[in-house]
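Q: pasting a predicted model and its sequence here:
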Amino acid sequence: MNNSDEKLFEARIKDLINIAQKNAVKRASNFLDPGEQQMAEYIAGKFPGIGFYFEGGYPEAERRIMIVFPDYLEEQPFVPPLGALRVTPTGDHKHPGHRDYLGAILGLGIAREKTGDLLVGREHCDVILKEEVLEYIGLNLARVGSVPVSVEEISIREISRPNAAFKEVKGTVASMRLDAVASLAFGISRSKIAPYIKGENLRVNFKTVKDPSTPVKEGDVISAARLGRIKVIEVGGQSKKGRTFIKIHKYASK
């Protein structure tokens with residue numbers, strides 16, 4: 001995000017919180033990526049008496065909506081405005097990928113912020129969406145690329161939970177700097193990964209970062225152009241030489 005985008009995003013989150021306060025209700029945002037979730041959490045933290053949580057349809061969801069409310073309403077029931085569609089190819093044993101399914105949905109004029117995670121399997125793709133766009137997509141999505149598809153509404157409980165393919169990487173780093181963590185994760189020397197970062201090829205929690213010294217913490221997702229995506233799963237203690245133990249999941253490209 002540039003500065004103007006960040007200001008617009010901040011204004012939207014503040015408006016969401018103000019409406020929840022004024023009307024004494026729980027309110028839900030559109031889908032946020034992990035970087036936006038961090039920003040939204042920081043903004044909400046400035047409002048005394050406001051509670052919030054994130055919901056993406058399943059525990060490991062990357063894209064999630066934010067539900068905000070006056071904290072005295074914490075125990076009040078609330079059904080997140082989420083739904084799901086199952087998109088199944090019906091032609092010639094072709095298997096579209098994540099980008100194909102997303103492109104077909106966005107090609108209908110649906111904003112990315114209305115779409116959550118797409119869980120792509122060999123037989124079908126389950127798409128988590130804001131409720132308000134379910135009917136439109138269900139009625140209008142007929143093809144994914146050149147492949148004809150059928151679409152049916154399913155409950156959130158019926159979605160096919162992902163079995164993300166990943167390689168576990170364990171090791172130690174001199175510090176929790178981006179260049180050190182990325183060097184271990186992607187198997188590239190720090191001297192080579194530093195200019196790669198400065199060239200704006202890495203994103204931390206979906207935000208482009210160009211400073212190799214940027215701090216990384218447990219739970220951060222790092223995406224690198226042409227290299228893949230990793231998540232910092234655990235930051236442990238220190239070795240006798242003062243290096244930090246970390247555990248990383250390196251995911252297969254979609």
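A: Perfect, thanks for sending it. Numbers count the residues shown, from 1 in each chain.

Q: how about the helices in the stretch 151-254 of the chain?
A: When secondary structure is read from DSSP state H, counting those that start in this stretch, the stretch 151-254 of the chain shows helices at 178-186, 190-198.

Q: I misspoke; the intended subject was the stretch 1-150 of the chain.
A: 3-23, 34-44, 98-106, 134-140.

Q: which one of the ones you listed lies closest to residue 184?
A: The stretch from the helices of the stretch 1-150 of the chain with the least distance to residue 184 (CB to CB) is helix 34-44; that distance is 20.6 Å. To be clear about C-beta, it is placed using only N, CA and C from the backbone, and glycine gets the same treatment.

Q: give me the number of residues near residue 111?
A: Taking other CB atoms under 10 Å as the neighbour definition, residue 111 ends up with a count of 11.

Q: quick revisit: and the helices of the stretch 151-254 of the chain, which is most packed in?
A: Mean neighbour counts were taken over the helices of the stretch 151-254 of the chain using mean count of other CB atoms under 10 Å, and the top value, a mean of 23, falls to helix 178-186.

Q: report the separation between residue 62 and residue 122.
A: Counting by CB to CB, to the nearest Å, the separation of residue 62 from residue 122 is 21 Å.

Q: the two - which one has more neighbours?
A: With neighbours defined as other CB under 10 Å, residue 62 and residue 122 compare such that residue 62 has more, 16 against 7.

Q: now for the more buried one: which residues touch it?
A: Applying CB atoms under 8 Å, 6 or more residues apart in numbering to residue 62 gives the contacts 33, 34, 56, 117, 221.

Q: now those residues: which count as buried?
A: Neighbour-count burial (16 or more other CB atoms under 10 Å) is assigned, among the contacts of residue 62, to 33, 34, 56, 117, 221.

Q: mind listing which of those residues are in strands?
A: Residues from these lying in strands, with DSSP state E as the criterion: 117, 221.

Q: tell me how far the residue nearest to the spatial centre of the chain lies from residue 249.
A: If you average the C-alpha coordinates of the chain and look for the closest C-alpha using CA atoms, centre = their mean, you land on residue 62, 2.8 Å from that point. The span separating residue 62 from residue 249 equals 13 Å under the rule CB to CB.

Q: equivalent analysis for residue 235, please.
A: As it turns out, when the distance is counted by CB to CB, residue 235 lies 13 Å from residue 249.

Q: quick check: neighbours shared by these two?
A: Contact criterion CB under 8 Å, 6+ apart; no residue bridges residue 235 and residue 249 by contacting each.

Q: low-confidence ranges, the stretch 101-250 of the chain, go.
A: Counting by pLDDT under 70, the stretch 101-250 of the chain contains low-confidence ranges at 162-165.

Q: what segments of it are strands?
A: 115-120, 125-130, 143-144, 147-154, 166-173, 202-204, 207-209, 221-224, 228-238, 244-251 (DSSP state E, counting those that start in this stretch).

Q: sorry, back to before: which one, of the helices of the stretch 151-254 of the chain, ends up nearest to residue 74?
A: For the helices of the stretch 151-254 of the chain, proximity to residue 74 was assessed by CB to CB; helix 178-186 is nearest, at 35.7 Å.

Q: same for the closest one, what does it pack against?
A: Using 3 or more CB pairs under 8 Å, 6 or more residues apart in numbering; DSSP states H and E as the contact criterion, the neighbours of helix 178-186 among helices and strands are strand 166-173, helix 190-198, strand 202-204, strand 221-224, strand 228-238, strand 244-251.

Q: C-alpha coordinates for stretch 168-179, PDB please?
A: The C-alpha coordinates for stretch 168-179 follow below in PDB (Å, rounded to 0.1, in the frame of the first residue of the first chain):
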ATOM      1  CA  GLU A 168       9.700 -28.100   7.000                       C
ATOM      2  CA  VAL A 169      12.900 -26.200   7.400                       C
ATOM      3  CA  LYS A 170      14.700 -26.000  10.800                       C
ATOM      4  CA  GLY A 171      17.800 -24.000  11.500                       C
ATOM      5  CA  THR A 172      19.400 -21.100  13.300                       C
ATOM      6  CA  VAL A 173      19.800 -17.500  12.300                       C
ATOM      7  CA  ALA A 174      22.100 -14.800  13.600                       C
ATOM      8  CA  SER A 175      19.100 -12.500  14.000                       C
ATOM      9  CA  MET A 176      15.400 -12.300  13.000                       C
ATOM     10  CA  ARG A 177      16.200  -9.900  10.200                       C
ATOM     11  CA  LEU A 178      14.400 -10.500   6.900                       C
ATOM     12  CA  ASP A 179      17.600 -11.300   5.000                       C
END
